[in-house]
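1. Predicted model and sequence below, questions to follow.
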Amino acid sequence: MIVEMPDSTTSEISRKIDQLHEERGESAQSRVLTLIISTTDAELENALEAANAASREHPCRIIAVVPSSSRTPIVDDDGTCHPLDAQVRFGADAGAGECIVLHPHGGLNDHLDTLVMPLLVPDVPIVAWWPTNPPFNPSADSLGRMATARVTDALRSDSPAATFAELRENRTPEDTDMSWTRLTVWRALVASLLDRPPYTPVLKATVRSGPAYLPAYLLAAWLALTLKVPVTLETDPDGEVVTGVSLWREDGEMSLDRPHEDKCIISLPNQKPQTLSVPRRTLEDCLSEELRRLDPDEIYAEVVDKGWDLVRRPA
Amino acid sequence: MAEPKPAQPQASAQQASTPWHNPLRDSRDLRLPRIAGPCSLVIFGVTGDLSKKKLLPAVYDLANRGLLPVNFGLVGFGRRDWTNEQFAAFVEENVRAHSRTPFNEATWKFLSGGIRFVQGTFDDPAAFQRLSQTVSELDSERGTQGNHAFYMSVPPRAFPTVSKMLRDSGLSHSQSGAWRRVIIEKPFGHDLQSAKELDRVVSDVFDPGSVFRIDHYLGKETVQNLLALRFANMMFEPIWNANYVDHVQITMAEDIGIGGRAGYYDGIGAARDVIQNHLLQLLALTAMEEPVSFSAADLTAEKTKVLSAVRVPHDLAHTTARGQYAAGWQGSEKVIGYLDEKGIDPNSRTETYAAIRLDIDTRRWAGVPFYLRTGKRLGKRVTEIAVVFKRAPHLPFEQTATRELGQNAVVIRVQPDEGITLRFGAKVPGTAMEVRDVSMDFNYGSSFTEASPEAYERLILDVLLGDPPLFPTTREVELSWEILDPIEQYWATLGQPQPYRAGTWGPKEADEMLAREGRMWRMP
């Protein structure tokens, strides 16, 4: 159910939500967090789809804020101002929570923090997510400042490299970029390569990926930092994502290759190659993983702060 | 005062004995899942109900969640004359019917590549030779590296034969660096003596650290949450003792009858089937002191300690109750009585309902009775632990105001509808002062994922990882029998258990047992 609330106020929205809860006989108390999405009209539905799916694992209230680029207020002929259009989604149109979409106009765009404040679920963490272009400094952003955890996605921004450089510059322990989340499955696979004998040190490593693929740089940085060995980045002109990783130990090369979307081939010294199903991670998978732990990710911090400069990236 | 010892030599000695550590695994890296190492799982009794409904789907769900290694094999051992492909089709059928996560072709393709079937009976040495050959083939073809777990989903009388065959065929022995583990299901014997005998048989073949006894209740989220509730919070532990607690009720009620288990159930009964394992484990977790850590050794130490402090009352006539279900209506379905069930001796004295009182002789629990009850064909399917508190010593209200006020309670709902209920008094809205019981609910499903893993997923993964905290030890099993044996011996001297109408909450005897002590059973 989608309830359109043009020309609305936050207290009207709160009342509407309470009323809908009461009608449906459910309680709002079991929400475990508030997820604030700061996005654009073009990205809105895509982001909500992922957030709604993630809310089945983490029942949350979703507040999507779509700031308007213009600061000109919408004013009637008689001078009355209409600063806010809203929408409340429930049931089949939301996930396991409720979803509020806010379209602020005019000067309200400069006060987004006090706009969402009356709508937050009491006493639970707040997560801020920028599905595409993040602010220059997320922790200083009016919405970002309120959040317990801030999630950005440099890869989906207009210029991934430049965005990530800024994020790295302004990073606080509460910030994570989804480029890192996208690697979890790869990292687990690579780690499991070392769980087998002989338990000798790794001598060198290679990461293969499509051109200028940000997560591949992070993967290489992680390997360089934790294994303390030289890590080479190789570009696969046809690839889009991470397409392979190789580690060398004294008994030879162990490699993981993902030539197709969902298949990974594992080759080990003196063994027949094995094929494993590794589907590409969806936005929903990544968001769910981000919501699972809201405390600072120390490993990510080390990779970004110390590991990043250990790897030579193609210019 | 002695000089502090130089740390250097100690540290280096320790370093020498420290096992190899994977540099890519960091305890602070909470994103990386715990994936089992290369291994295979061999299931005996693979065509049984447990295997079809729980084990095979759990293996698939683990694979689908990416928690199984690339080098994984699944071997079925059974009497049917199947090829690997026919067995794979059987697995697929059951996975499709019972798995928790959606069916995914790619996962299935990966899993089915490692599926093998070995045809044979438990007493056929040639079949075990074939099994031995099959797992070595998996070692070379799938790279399972000699790590194999054997799941005994077979009746206990088959344990000795299977164990012996595993030993004789050399399957129970691993080369250095590889492991062999055995998983056994309840019942762990039918009394202390048989439990010891069973343990002797199994530990003859496998070393005690490689034997995993599955009590699937311990794999349930709520049971583990009981530890979080007690030891991660400030507000429960201070009142978790005889000063505040009046009594504890632990209930496991089933709405089904004995179904196809007549052969196993008759002569065993409700107490041996459920109280000895599930309920005493729940009692131990509810009553134990705080373990110094959640490692297997520390957790077991506390559970063992509290089980060893359990006292069985002298007057068993008044502190225990037995019942047998009679015909009736279970909800909306007409059902027959126990004695009319197929395969049951019409004079059977086996109880299908058992209730006992236990005391725990520790400072924390002195004088607090623990009432345990279980039964078949009861009102509904429910398992819960209810900690019922004493009444407030003084109620500064008119007597009429608190007439409807019961005792406060913390109820841990184990299944279904996993969660926690707090029961306390609140004022009824209106001009008069009137206090009545209300409930505050925490529901697992609504605060966390809808899809909490099945107990068997967790437990099978723990076995493959070699992580034993959730598995009862031999000592715990023996202590449980020491508690139950005197009660069973007393019951053996009695006649027919009291009949109760199917669909009710058990025999009158059980209600009287609590009424004599001024208490009553909760309606779960």
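-> The structure has been received and is ready for your questions.
2. Who are the contact partners of the residue of the stretch 251-400 of chain B found nearest chain A?
-> Nearest residue of the stretch 251-400 of chain B to chain A (CB to the nearest CB) works out as residue B:294 at 18.8 Å. Where C-beta positions appear, they are placed from N, C-alpha and C, glycine not excepted. Counting by CB atoms under 8 Å, 6 or more residues apart in numbering or on different chains, residue B:294 touches B:227, B:469.
3. Look up which helix or strand it falls in, please.
-> In this assignment (DSSP states H and E), residue B:294 forms part of neither any helix nor any strand.
4. got a pLDDT number for it?
-> At residue B:294, the predicted lDDT confidence score is 86.
5. Equivalent analysis for residue B:360, please.
-> pLDDT at residue B:360 comes out at 97.
6. isn't it right next to residue B:309, touching?
-> Yes - taking contact to mean CB atoms under 8 Å, the distance of 5.3 Å between residue B:360 and residue B:309 places them in contact.
7. More neighbours: which of the two?
-> Between residue B:360 and residue B:309, counting by other CB atoms under 10 Å in any protein chain shown, residue B:360 is the more crowded of the two (24 against 16).
8. what's stretch B:189-203 in contact with?
-> Against stretch B:189-203 from outside (CB under 8 Å, 6+ apart): B:156, B:159-160, B:163-164, B:182, B:184, B:188, B:211, B:268, B:272, B:474, B:477-478, B:481-482, B:484-485, B:488.
9. just how off-centre is it within its chain?
-> 19 Å (CA atoms, centre = their mean, to the nearest Å).
10. can you check stretch B:428-440 too?
-> Taking mean C-alpha positions (CA atoms, centre = their mean), stretch B:428-440 and its chain are 39 Å apart.
11. Would you mark the buried spots in it?
-> Residues of stretch B:428-440 classed as buried: B:434-435 (neighbour count, 16 or more other CB atoms under 10 Å in any protein chain shown).
12. Please name the residues that touch residue 280.
-> No chain was given, so I picked chain A. A:241, A:261-262.
13. right idea, wrong chain: chain B
-> Neighbours of residue B:280 in contact, by CB under 8 Å, 6+ apart: B:307, B:310, B:372, B:480, B:483-484.
14. same thing but 6 Å
-> residue B:480 (CB atoms under 6 Å, 6 or more residues apart in numbering or on different chains).
15. what does residue B:424 give?
-> So residue B:424 contacts residue B:408 (CB under 6 Å, 6+ apart).
16. Helix, strand, or coil at it?
-> strand (DSSP: H, G, I helix; E, B strand; the rest coil).
17. residues from chain B in reach of chain A?
-> B:20, B:22-25, B:28-33, B:35, B:37, B:70, B:106-107, B:110, B:143, B:446-447, B:449-450 (CB under 6 Å from any CB of the partner chain).
18. Go again with 7 Å.
-> With CB under 7 Å from any CB of the partner chain as the criterion, chain B meets chain A at residues B:20, B:22-26, B:28-33, B:35, B:37-38, B:66, B:69-71, B:106-107, B:109-110, B:141, B:143, B:145, B:177, B:443, B:446-447, B:449-450.
19. Would you point out the helix or strand in chain A whose mean pLDDT is lowest?
-> None of the helices or strands of chain A scores lower by mean pLDDT, DSSP states H and E than strand A:274-277, at a mean of 78.
20. who's in contact with it?
-> Strand A:274-277 is contacted by residues A:262-266, B:70-71, B:106-107, B:109-110, B:143 when judged by CB atoms under 7 Å, 6 or more residues apart in numbering or on different chains.
21. Could you dump these into JSON lines with distance to residue A:213 added?
-> Below are the contacts of strand A:274-277 laid out as JSON lines (distance: CB to CB, whole Å):
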{"residue": "A:262", "distance to residue A:213": "18"}
{"residue": "A:263", "distance to residue A:213": "19"}
{"residue": "A:264", "distance to residue A:213": "17"}
{"residue": "A:265", "distance to residue A:213": "19"}
{"residue": "A:266", "distance to residue A:213": "21"}
{"residue": "B:70", "distance to residue A:213": "24"}
{"residue": "B:71", "distance to residue A:213": "29"}
{"residue": "B:106", "distance to residue A:213": "23"}
{"residue": "B:107", "distance to residue A:213": "26"}
{"residue": "B:109", "distance to residue A:213": "27"}
{"residue": "B:110", "distance to residue A:213": "25"}
{"residue": "B:143", "distance to residue A:213": "30"}
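22. Using ChimeraX, define a selection of the buried residues within those residues.
-> ChimeraX command restricting the contacts of strand A:274-277 to the buried ones, with burial defined by 16+ other CB under 10 Å:
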select /A:263,264,265,266 /B:70,71,106,107,110,143
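23. nearest to residue B:503, of the contacts of strand A:274-277?
-> Distance to residue B:503, by CB to CB, is smallest for residue B:107 among these, at 41.6 Å.
24. From what I see, that closest one and residue B:63 are in contact.
-> Yes - using CB atoms under 7 Å, residue B:107 is in contact with residue B:63, at 5.3 Å.
25. which phi and psi does the residue of the stretch 101-250 of chain B found nearest chain A have?
-> The stretch 101-250 of chain B approaches chain A most closely through residue B:106 (3.5 Å), counting by CB to the nearest CB. Reported as degrees, to the nearest 10, the phi and psi values for residue B:106 are phi -70, psi -40.
26. domain assignment for the chain?
-> Chain wasn't specified; assuming chain A. A:2-177, A:184-277 (automatic domain parsing).
27. right idea, wrong chain: chain B
-> According to automatic domain parsing, the ranges for chain B are B:34-185, B:219-450+B:473-515.
28. For the stretch 51-200 of chain A, which residues are neighbours of chain B?
-> Checking the stretch 51-200 of chain A against chain B by CB under 7 Å from any CB, the hits are A:56-57, A:59, A:184-185, A:187-188, A:190-192, A:194-197, A:199.
29. what two of these are the furthest from one another?
-> Pairwise across those, and taking CB to CB, the largest span is found between A:59 and A:197, at 44.2 Å.
30. When those two are compared, which one has more neighbours?
-> residue A:59 (21 against 11).
31. Now that one, what are its backbone angles?
-> phi -60, psi 120.
32. Would you confirm that it contacts residue A:34?
-> No - shown here, residue A:59 and residue A:34 do not form a contact pair, counting by CB under 7 Å, at 11.1 Å.
33. which other residues reach stretch A:101-115?
-> Residues outside stretch A:101-115 that contact it (CB under 7 Å, 6+ apart) are A:10, A:63-68, A:71-74, A:82-87, A:142-143, A:145-146.
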